[in-house]
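Colleague: Sequence first, predicted model second:
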Amino acid sequence: MASTLEGDADDATPPYVQAVLLFLRDSDRTAVSYFYDHQDEVDAIAGVVLQVVIPERPRSPHDVAEAIDSKRYPGLQALDLPCLWVEASRKEHFVARLPADVPSVKAVLFGLVDAFRNARTFAEAEKLYTGGRTPWSQTAAGHIIISLHGFNTPGTWQKRIQACIDESKLGLEHRPSDYGHVGIHGLLSPAARAGKVEWFVEEYQKLVYRAHLHDSAPSIIAHSYGSYIVARAMEMYPQIRFRRIVFCGSIVRRDYDWSARIKSGQVERVLNEYSRKDIWSRVAEWVIADGGSAGARGFVDAANGAVVQREYRFWRHSSYFFDLHQRASWIPFLARQGDPPIVVQDREPGLNLRFYAFVSALVALVGVVVWAAWRYVRTMGN
């Protein structure tokens, strides 16, 4: 696509889009180390869409001051640095500022490449990258809700919840996320689990940049293994932030440090729905080294009330996925309309002694009849 972006006839411009890395010698090296340390990866991502020009050495403050004042980078300002100067010609250009951490810098590159792959002109690509609606995300003005399914399931509930969100008319937009099929080995292997966490971090970064969520955070609904991926990602990467989180059937360990997540600003409020009859959550505690049974017994750390917990006595691991529950519990919580109502359910019923007495008598009667029949047949045989 990039080869179709033409520059002005009077300019000696290449037939491709060029991104020039600009930063001061004393700038935060972390912000641009990705381009120096992973040039092969940068080239692979950029493909034929962008040519990323990486200087052999950082520019000195004097060089940058001259560049800012020159006609080579019209409109460039010191506060733009560090940045990628993206251009197809001297008249078609814009600045892509670089954040201060390597994963986010990488996401900027993905965003640029996606913009130019999905645009027919340079102006359209600029609009896609800097704030227009993107064809791949259809960004809405409302709050974005991510959903993440559980282990070895197709996530059918993710499709059903879309209708509930649309009907609510509360300004919520659903983005289902799918990490694919995970076998037993993928669940039990630490390396495989770490790989899914890294996958989620990449997906999160893409969403943040494509939906222009730099100054806000999405919310998320996660079930089972999905809850493990989310919790682990937040633990490893403080840049992963959510407005609100809904966990159900969670296999996160019970002593998870929610107070630290709240204090660091990674999440505003958490809803954890659990049931003591959730067998799979209990099993996870025994077979996953850093897993747990929060989906069966709840979290220990309620972070001074920021972690809202609701127990459903009679439910199983996947009993949470029906419209009435999602409308009454999840959607109001995610839309900041309030916490779900307190769950009031009967105690587990005691033993019905009359029933068991009747069954015991019936079994005894059948036993007597069978024994009598056996004696009769034996007697007749003799």
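Modeller: Alright, I've got the coordinates.
Colleague: which stretches of the stretch 251-382 of the chain form strands?
Modeller: 267-274, 307-311 (DSSP state E, counting those that start in this stretch).
Colleague: what helices or strands is the last one leaning on?
Modeller: Same thing as strand 307-311. Packing partners of strand 307-311 (3 or more Cβ pairs under 8 Å, 6 or more residues apart in numbering; DSSP states H and E): strand 267-274. To be clear about C-beta, it is placed using only N, CA and C from the backbone, and glycine gets the same treatment.
Colleague: What segments of the stretch 101-250 of the chain are helices?
Modeller: 102-117, 122-130, 156-168, 184-188, 190-210, 225-236 (DSSP state H, counting those that start in this stretch).
Colleague: For D257, find the nearest of those helices.
Modeller: helix 225-236 (7.8 Å; Cβ to Cβ).
Colleague: What does I342 show for phi and psi?
Modeller: The phi/psi pair for I342 (degrees, to the nearest 10) reads phi -60, psi 140.
Colleague: Distance of it relative to E66?
Modeller: 67 Å (Cβ to Cβ, to the nearest Å).
Colleague: Of those two, which one has the most company?
Modeller: Using other Cβ atoms under 10 Å, the more surrounded residue of I342 and E66 is E66, with 13 against 6.
Colleague: That one belongs to a strand, doesn't it?
Modeller: No - counting by DSSP: H, G, I helix; E, B strand; the rest coil, one finds E66 to be helix, located in no strand.
Colleague: Next, work out how far apart it and L76 are.
Modeller: E66 sits 11 Å away from L76, going by Cβ to Cβ.
Colleague: just to revisit the earlier point, so which of the helices of the stretch 101-250 of the chain is the most surrounded?
Modeller: helix 225-236 (a mean of 24; mean count of other Cβ atoms under 10 Å).
Colleague: where does the stretch 101-250 of the chain dip in pLDDT?
Modeller: Applying pLDDT under 70 to the stretch 101-250 of the chain flags residues 101, 131-142, 210, 212, 214-215.
Colleague: let's see 50
Modeller: Applying pLDDT under 50 to the stretch 101-250 of the chain flags residues 132-141.
Colleague: residue ranges of the helices in the stretch 251-382 of the chain, please?
Modeller: 258-263, 279-287, 294-297, 323-325, 331-334, 353-381.
Colleague: W330 touches V246, doesn't it?
Modeller: Yes - W330 is within contact range of V246, at 5.4 Å (criterion: Cβ atoms under 8 Å).
Colleague: re earlier: now render the strands of the stretch 251-382 of the chain as JSON lines, adding distance to G226, mean pLDDT and mean neighbour count.
Modeller: Below are the strands of the stretch 251-382 of the chain laid out as JSON lines (distance: least, Cβ to Cβ, whole Å; pLDDT from 0 to 100; neighbours: other Cβ atoms under 10 Å):
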{"stretch": "strand 267-274", "distance to G226": "13", "mean pLDDT": "96", "mean neighbour count": "22"}
{"stretch": "strand 307-311", "distance to G226": "18", "mean pLDDT": "96", "mean neighbour count": "18"}
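Colleague: Let's have these in a markdown table, adding distance to Q337.
Modeller: Compiled in a markdown table, the strands of the stretch 251-382 of the chain are given as follows (distance: least, Cβ to Cβ, whole Å):
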| stretch | distance to Q337 |
| --- | --- |
| strand 267-274 | 12 |
| strand 307-311 | 13 |
